[in-house]
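**Q** Show me how the following folds:
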Amino acid sequence: MQQFKVLEEVPELVIELSGEIDSGNADDFYEDFVKCYKTPSKVTFECDKVEFIDSTTLGVFVKILKRVRSDGFTIRIKGLIPRLKKLFVICSLDTIMEIAE
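**A** Residues are numbered from 1 along each chain as shown. Modelled structure (predicted):
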């Protein structure tokens, strides 16, 4: 089960994610993002409580990146556990979005 919590909206949107995000709830993750992304800004995802993601979730992050970039901003993914960070690196997503400690 995935949990989505907005921690901050201004000057940047900060979203805390937790649990598991997979093909079963990835659409909900994207819809939750769209609902809270009212004002174009940089977006940070706090992911230190995320336990599992799959390839569908990686696709959602890319979809979010495209939307945010179209507004002239970028996204940052923070706090990934090592095995999840490795997924982003293997898929070269660390070259198109910031992956922070």
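**Q** I'd like the next helix or strand past the lowest-mean-pLDDT helix or strand in the chain.
**A** Within the chain, no helix or strand scores below strand 2-8, which has a mean of 92 by mean pLDDT, DSSP states H and E. Using DSSP states H and E, the helix or strand that follows strand 2-8 in sequence is strand 13-21.
**Q** Name the strands paired with the longest strand out of those in the chain and say parallel or antiparallel.
**A** In the chain, with assignment by DSSP state E, the single longest strand is strand 43-53. Neighbouring strands of strand 43-53 in its sheet, by DSSP bridges, are strand 13-21 (parallel), strand 75-78 (parallel).
**Q** For the nearest residue to Phe4 once chain neighbours are set aside, which phi and psi angles does the backbone take?
**A** Using CB to CB, 6 or more residues apart in numbering and skipping the chain neighbours, the partner closest in space to Phe4 is Asp32 (4.3 Å). The C-beta positions use only the backbone N, C-alpha and C, and glycine is treated the same way. Main-chain dihedrals, Asp32, degrees, to the nearest 10: phi -60, psi -40.
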